[in-house]
Structure formats: C-alpha cells, structure tokens
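# Here is my input; please provide its structure:
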Amino acid sequence: MKQDDKICVGMIAAAHGVRGLVRLRSFMENPAAIVDFEPITDEKGERTFAIQLKATAKDFFIATIEGVESRELAEALRGTKLYVSRHQFPKTGKREYYEADLIGLSVQDKQAQNHGFILAVHNYGAGIFLEIGVKKNAGFMLPFTEAYVPLVDLKAECVTIDPPKGWLESETKSLSRKRDVDQAPRKGNRDA
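Numbers count the residues shown, from 1 in each chain. Next up, the predicted model:
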C-alpha cells in the first residue's frame, strides 16, 4: 500500500496491564468503527493487526491485538500508527474531506499572500481547526468553516483562507508570548 493509498485511523498509545492489552486511540468519526476495517496495518504496510476492543476509558479503548500476549510485546508497539486502505472509505460529498487529504495543502489568503501549509487538523470538541504555518508550534489556528476557508482545491493542492480582521496578528502575538514563557528561565526547589 502506498502512503497516498491509506488513511491513519488510530494509534497504539501504550501498554495496559501485564497481559498484552493496549491503549488504543481511534481517529475515526465513530471511534468503535476502527475494528470494522481489514486489514489494519502499520505505516509501512509491513505488519497487520487483528484488533478486538475490550473496554473504553476516557479517550481511548482497551484492546487486544492477536499475537500480543505480554506487556513487553504491547509496550514495543507504543506509538504505532494504524492505517487502512482509503478504498475502504466512502467517497466524500461536496465540502467534505478526509483530514489526511487536507494535511500538507498550501495555504494562501484572498490577496494571494502565502501562509505556509496545513500542518494538522484538530477537533477539541468545539469544531474543527486547521493548524497553519511552516513548522509545528510556529503557525496559527483557524476554524475550518466556509466563512474562514472559502475554497479547498484538492487538485491544485491549495486552500484559500479569509480570517477575520486582526486574527493573524492576534494568533502571532499569542504564539510569541507562549514561546517567551516556554523559553524563560524557571526556578525550582532542590531537595536538600
């Protein structure tokens, strides 16, 4: 399977317990649907995973993976992203996109000023936001709405944005303050 032919549907976050269970994060719209697809593979397509969901926790599933029967084997899978063939997914409708199709698209505003690329797509519960910039933690977030992202052209691999007046300046200042705080010297107490 080529990279373009697959979509990341989840990730093995960590081992759970001592009997080979894993904490599984699903990136699906219906999280439990992750097990409805076969085969589920790693990023390179070299390894397949037969997964059964056992329980739910806060924001992940507790699951078994066929052939993984110890904590050590489960822990070795930590961080493994899970993929399925995009051909298993239905075609998208008008103004519907798979997140994987948006990441990497170039971004320009209505005045044709370049703003980098879509670095990530986030949904924290208040709607979908695009992370836009040249590199992680150095860009800005923009709600993915028709008002702010009026054009998505997958063929041209470009999106046009129309952020509210002052949005970019506000986002840039916010990121600058965050970087200043992150880089500030910190005091700590040493144990005597």
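# list the contacts for residue 136?
Taking C-beta atoms under 8 Å, 6 or more residues apart in numbering as the criterion, residue 136 is in contact with 119-120. Any C-beta I mention is one placed from the backbone N, CA and C, and that applies to glycine too.
# Against residue 108, how distant is it?
The spacing between residue 136 and residue 108, counted by C-beta to C-beta, to the nearest Å, is 20 Å.
# And residue 24, by the same measure?
Going from residue 24 to residue 108 by C-beta to C-beta gives 37 Å.
# Ok, residue 53 next?
Between residue 53 and residue 108 the distance, using C-beta to C-beta, works out to 42 Å.
# Residue 78 now?
As judged by C-beta to C-beta, residue 78 and residue 108 stand 38 Å apart.
# Pop out the phi and psi values for the residue nearest to residue 106 when sequence neighbours are not counted.
Once flanking residues are discounted, residue 106 sits nearest to residue 158: 4.8 Å by C-beta to C-beta, 6 or more residues apart in numbering. Phi and psi for residue 158, reported as degrees, to the nearest 10, are phi -150, psi 150.
# Helices of this protein, residue ranges please.
Counting by DSSP state H, residue ranges of the helices within the chain are 71-76, 99-102, 167-183.
# where among those helices is the average confidence lowest?
Mean pLDDT is lowest for helix 167-183 out of the helices of the chain, coming in at a mean of 54.
# so where is this structure shaky, pLDDT-wise?
In the predicted model, the chain carries pLDDT under 70 at residues 1-4, 170-192.
# Got the domain ranges for it?
If you go by automatic domain parsing, the domain ranges for the chain are 3-87, 99-181.
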